[in-house]
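Q: sequence first, then the predicted structure:
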Amino acid sequence: MNAKKKWNRMARFYDIWSAPMEMMGAKKWRLMLFSEIPEGNILEIGVGTGINTEYYPNENREYTAIDISPKMLEKAKARAEKNDKTVDLIEMNVESMQFPSKSFDAVAATCVFCSVPDPVQGLREARRVLKKDGMALFIEHMRPGGRVLGKIFDIMNHATSRLIGFNINRRTAENIRKAGFEIIEERYLFRDIFRFIKAKPV
Ligand SMILES: C[S@@+](CC[C@H](N)C(=O)[O-])C[C@H]1O[C@@H](n2cnc3c(N)ncnc32)[C@H](O)[C@@H]1O
């Protein structure tokens with residue numbers, strides 16, 4: 001099943017499915033990311049049902065958000081309106097974005113690059129659309145570094161990637177570097193699995 005179809009199907013259940021994670025700390029992490037978002041033109045990648053819109057600071061910022069799934073975007077539109085946030089929501093694949101290069105002062109993504117089919121290509125695109133002095137902010141889960149736990153994640157990934165479409169063993173910090181970013185800050189949020197990463201184009 002392609003990514004668009006899969007996420008369209010998931011749209012109805014996503015908020016229920018992600019509720020435990022929100023209660024366990026994700027709300028706090030989202031707030032932290034958006035409290036550090038620079039001013040200017042901001043792009044959110046993989047906006048999903050728009051959970052982050054609640055945390056968008058209003059002042060001196062213009063928001064654009066993309067997602068591959070129109071059903072997710074419908075939910076995001078309703079949520080942005082409820083949160084009284086203005087955001088230009090666009091159906092677009094992060095692997096081949098239609099924005100001119102160097103369009104944004106910041107790009108943000110939360111829990112997205114575990115599911116993008118070619119994450120390095122998506123991250124290269126994030127770098128391309130970012131201004132030279134721009135900032136990329138990510139909250140992503142990734143393969144833990146420990147040998148045993150890493151192997152367990154590799155084994156479990158066969159099930160998660162097939163059943164729910166997430167890869168739990170992506171090396172996203174490495175992928176961010178591979179895509180041409182320099183990581184300037186990396187905070188471990190839950191062990192080394194959930195991380196807050198700030199990066200700038202090399
Ligand atoms: C796990 S959800 C995260 C949603 C939201 N960022 C959050 O934190 O709740 C992943 C999102 O990425 C989107 N996505 C997956 N592949 C994508 C792609 N290639 N281009 C754009 N969006 C994509 C999915 O449609 C989905 O909304």
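A: Received the coordinates, thanks. Numbering: from 1, shown residues only.
Q: just the helices in the chain please.
A: 3-10, 14-21, 27-35, 70-82, 119-129, 147-163, 172-178 (DSSP state H).
Q: anything in the longest strand along the chain near the ligand?
A: Longest strand in the chain, counting residues (DSSP state E): strand 130-141. No: Strand 130-141 lies apart from the ligand when judged by Cβ under 6 Å from any ligand atom; the minimum separation is 7.5 Å. In short, each C-beta sits where N, CA and C put it, glycine included.
Q: for that strand, what does the pLDDT average out to?
A: Across strand 130-141, pLDDT averages out at 97.
Q: tell me the angle of that strand relative to helix 147-163?
A: Relative orientation of strand 130-141 and helix 147-163, computed by axes from the mean of the first three to the mean of the last three Cα atoms, to 10 degrees: 100 degrees.
Q: what's near enough to touch the closest residue to Trp17 other than its chain neighbours?
A: Using Cβ to Cβ, 6 or more residues apart in numbering and skipping the chain neighbours, the partner closest in space to Trp17 is Met10 (7.6 Å). Residues counted as contacts of Met10 (Cβ atoms under 8 Å, 6 or more residues apart in numbering) are 17, 69, 72, 164-165.
Q: get me the contact residues on the chain for the ligand.
A: Contacts of the chain with the ligand, taken as Cβ under 6 Å from any ligand atom, map to 3, 7, 18, 46-48, 51, 66-69, 72, 93-95, 110-112, 115-116, 122.
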